[in-house]
Every structure is written in structure tokens, then in C-alpha cells.
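[1] Whatever this is, show me its structure:
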Amino acid sequence: MVEFKCPKCGVVLTVTVKGTVETDSISDVKALFPVELENLLIFEDKGTFVRVKPRQFLGTEYFSRIASIVREAGGEYVSAGKDSHFVIPKD
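    Numbering: from 1, shown residues only. So this is what the prediction gives:
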């Protein structure tokens with residue numbers, strides 16, 4: 001997100017800039033996550049996508065942060081009970 005301040009009225013506008021994220025490999029996907037989140041996850045190359053599975057219960061804050069990163073990369077959450085995970089398509 002980028003914030004801009006109007007020079008005339010002082011209103012601050014927040015803009016989310018979306019672009020293409022390179023996700024050709026597990027290392028590309030890992031690079032999307034800060035270290036504290038990366039350490040909570042297992043990354044698996046599944047051919048056309050990378051599967052991102054939690055090592056432990058994430059709680060609301062971590063889950064939300066991870067889900068946001070996954071969505072930005074064009075991925076999604078797959079709800080499957082104890083086998084729930086995230087998937088991020090490879091480019």
C-alpha cells in the first residue's frame with residue numbers, strides 16, 4: 001500500500017498497488033513471506049502450483065497475514081479439515 005497526501009486539503013489517500021508476482025518455484029513463493037511467517041509453513045512443489053501448509057495452528061493474526069499474501073499472489077485457501085492448506089499457482 002502507498003499513501004498519498006493531498007497538498008491542497010491534507011486528506012491522506014491509501015492506494016493498493018497490485019502487480020504480477022513471479023511464482024515459478026518454491027523459492028519464489030517463500031520470498032513472498034516474511035521470515036516469521038515462512039518458519040510457520042511447509043512449501044511443496046505440486047507441478048502447476050505450490051502448496052503452502054501450516055506446521056501448526058496459526059491463529060487469527062497469522063492466518064489473516066498469510067491469506068492476504070496468498071491472495072496477492074493469485075492463490076487461495078483450501079479448507080480440508082486437518083489437511084487445509086493454501087495453493088499458489090506457478091507462472
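[2] what's around G59, how many residues?
    Close neighbours of G59, defined as other CB atoms under 10 Å, add up to 9. The C-beta positions use only the backbone N, C-alpha and C, and glycine is treated the same way.
[3] Contacts for stretch 52-66 next, please.
    29, 33, 37, 39-44, 70, 75, 84-88 (CB atoms under 8 Å, 6 or more residues apart in numbering).
[4] can we see that at 10 Å?
    26, 29-30, 32-34, 36-44, 67, 69-70, 73, 75, 77-78, 83-88 (CB atoms under 10 Å, 6 or more residues apart in numbering).
[5] Pull out the buried residues from it.
    52, 54, 58, 62-63, 65-66 (16 or more other CB atoms under 10 Å).
[6] residue ranges for the strands of the chain, please.
    2-5, 12-15, 41-45, 49-54, 76-78, 85-89 (DSSP state E).
[7] Dump the ones you listed into CSV; add mean pLDDT as well.
    Below are those laid out as CSV (pLDDT from 0 to 100):
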stretch, mean pLDDT
strand 2-5, 67
strand 12-15, 69
strand 41-45, 96
strand 49-54, 96
strand 76-78, 97
strand 85-89, 96
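[8] and the angle for the longest helix seen in the chain with strand 41-45?
    For the chain, the longest helix by residue count, based on DSSP state H, is helix 59-72. Put simply, helix 59-72 runs at 30 degrees to strand 41-45, going by axes from the mean of the first three to the mean of the last three CA atoms, to 10 degrees.
[9] Can you tell me the closest non-neighbouring residue to the residue sitting nearest the centre point of the chain?
    Relative to the mean C-alpha position of the chain, the nearest C-alpha, by CA atoms, centre = their mean, is the one of I69, at 1.7 Å. Nearest residue to I69, sequence neighbours excluded (CB to CB, 6 or more residues apart in numbering): L32, at 5.4 Å.
[10] Spit out the contact partners of the one you found.
    Applying CB under 10 Å, 6+ apart, the residues contacting L32 are 21-23, 38, 50, 52, 66, 69-70, 72-73, 75, 88.
[11] Run through the bridge partners of the closest residue to C6 other than its chain neighbours.
    Nearest residue to C6 in three dimensions, chain neighbours excluded: L13, at 7.1 Å (CB to CB, 6+ apart). Counting by DSSP bridges, L13 forms beta bridges with F4.
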